[in-house]
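A.B. asks: need coordinates for the following:
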Amino acid sequence: MRVPQWVKNGLIVIAPAAAGILFRADVLRHTAVAFVSFCLISSAGYLVNDLRDAPADREHPTKRYRAIASGQLSPRRARVAAVVLLVVGFVLPFFLWHPWGLLLILGLYVVITLAYIFGLKNVAVVEFAALASGFFLRAYAGATASHVFVSTWFLMVISFGALFLVVGKRSSELKKIGVGSTRRVLAEYSPEFLTSALTLSATAVVTGYCLWAFDTSATGLSSIHHHVIPIRLSVIPVVLATLFIMRAAEAGDGAAPEELVLRNRTVQLLAASWAVLLFIGVYA
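C.D. replies: Presented below is the predicted three-dimensional model:
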């Protein structure tokens, strides 16, 4: 079920938090339901993925220890668990007011996840979009669950931020384990292409966040309802984190997003600094 990867679902909090309404009782309830639903449905996806990849995982130096590949979890129980998690994940939103937007996003996530598992993971570049969409849908689910209108800049930052993390992970994998790994799509990429894609997405992330932070309109972070100085200072940890992740990816030390958040002290410090500055700017 990849419990450590549930940290990705923290993206659900960003939209209501940036809108300054996260601590309203109804918004907290909606956000919590969206978070739990994504945890359950994403876990069902991981089970389906491991069922399909079990033969290849047994040949991998680390993936062979996964529960299904190692035989700790039988395929039958994995299938039953996946169905139960999927059903419960789709039932929970019905306890919310007007859940149709959230249900649509959850449905899109399932469709894209299954398409990735059963084919898109081996299609160069397209696999970037499939993986990045998971991050985008999580972030947008937080807005949809509480019916929050989101800025265009927010969507840009989330979209290219997701692409940035995916490309960074692939760049690191290519340098560290090479094209002979069980991830066949790595053979389709060159280091030069991945470096260019990483630079492109990093530029879009930093530009989009700066525009969002400096935007004084009703949906900008520097609106008249917020404290401008801490919000604009939050650009600093965003830029530094982007540069740090780029450096790690180029050196072959890049990690999955959940590993960056849970294990890397530098990323944790920068993320905490950004969160504190944003909190002060929006809520103080």
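A.B. asks: now Lys175: closest residue in space, sequence neighbours ignored.
C.D. replies: The shortest distance from Lys175 to any non-neighbouring residue, by Cβ to Cβ, 6 or more residues apart in numbering, is to Gly252 (3.4 Å). Any C-beta I mention is one placed from the backbone N, CA and C, and that applies to glycine too.
A.B. asks: that neighbour - how many residues pack around it?
C.D. replies: 14 (other Cβ atoms under 10 Å).
A.B. asks: which residues does it contact?
C.D. replies: Ser172, Lys175, Lys176 (Cβ atoms under 8 Å, 6 or more residues apart in numbering).
A.B. asks: can we see that at 10 Å?
C.D. replies: Ser171, Ser172, Glu173, Leu174, Lys175, Lys176, Ile177, Pro191 (Cβ atoms under 10 Å, 6 or more residues apart in numbering).
A.B. asks: which ones among the residues you listed are found in helices?
C.D. replies: Using DSSP state H, the subset of those located in helices is Ser171, Ser172, Glu173, Leu174, Lys175, Lys176, Pro191.
A.B. asks: of all the contacts of Gly252, which two lie farthest apart?
C.D. replies: Ile177 and Pro191 (13.4 Å; Cβ to Cβ).
A.B. asks: neighbour count for those two, which is higher?
C.D. replies: More neighbours surround Ile177 than the other of Ile177 and Pro191, with 16 against 12 (other Cβ under 10 Å).
A.B. asks: how far away is that one from Thr203?
C.D. replies: 27 Å (Cβ to Cβ, to the nearest Å).
A.B. asks: where does pLDDT dip in the stretch 151-284 of the chain?
C.D. replies: 178-182, 254-255 (pLDDT under 70).
A.B. asks: just give the number of residues close to the closest residue to Leu47 other than its chain neighbours.
C.D. replies: Residue nearest to Leu47 in three dimensions, not counting chain neighbours: Ala82, with 4.2 Å by Cβ to Cβ, 6+ apart. Under the neighbour criterion other Cβ under 10 Å, Ala82 is assigned a count of 21.
A.B. asks: and for Ala249?
C.D. replies: Considering only other Cβ under 10 Å, Ala249 is surrounded by 26 other residues.
A.B. asks: ok, now which ones touch it?
C.D. replies: Counted by Cβ under 10 Å, 6+ apart, Ala249 has contacts 164-165, 167-175, 194-195, 198, 202, 255.
A.B. asks: cutoff 7 Å now
C.D. replies: Neighbour list for Ala249: Gly168, Ser171, Ser172, Leu198 [criterion: Cβ atoms under 7 Å, 6 or more residues apart in numbering].
A.B. asks: hey, which helix is longest across this structure?
C.D. replies: From DSSP H, the single longest helix across the chain is helix 25-57.
A.B. asks: hmm, back to that, from the contacts of Gly252, which is closest to Leu92?
C.D. replies: Glu173 (34.3 Å).
A.B. asks: residue ranges for the helices of the stretch 151-284 of the chain, please.
C.D. replies: 152-176, 191-214, 228-233, 235-250, 257-263, 265-283 (DSSP state H, counting those that start in this stretch).
A.B. asks: let's have those in a markdown table, adding distance to Ala143.
C.D. replies: Output for the helices of the stretch 151-284 of the chain, formatted as a markdown table (distance: least, Cβ to Cβ, whole Å):
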| stretch | distance to Ala143 |
| --- | --- |
| helix 152-176 | 8 |
| helix 191-214 | 14 |
| helix 228-233 | 19 |
| helix 235-250 | 20 |
| helix 257-263 | 20 |
| helix 265-283 | 15 |
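A.B. asks: pick the most deeply packed of those helices.
C.D. replies: helix 152-176 (a mean of 22; mean count of other Cβ atoms under 10 Å).
A.B. asks: what helices or strands is that helix leaning on?
C.D. replies: helix 126-145, helix 191-214, helix 235-250 (3 or more Cβ pairs under 7 Å, 6 or more residues apart in numbering; DSSP states H and E).
A.B. asks: if you set the cut-off to 10 Å instead, what comes out?
C.D. replies: helix 14-18, helix 126-145, helix 191-214, helix 235-250, helix 257-263 (3 or more Cβ pairs under 10 Å, 6 or more residues apart in numbering; DSSP states H and E).
A.B. asks: doesn't Phe160 make contact with Thr207?
C.D. replies: Yes - with contacts counted by Cβ atoms under 10 Å, Thr207 reaches Phe160, the gap being 8.7 Å.
A.B. asks: and Ile236, what is it in contact with?
C.D. replies: So Ile236 contacts Leu270, Ser273, Trp274, Leu277 (Cβ under 10 Å, 6+ apart).
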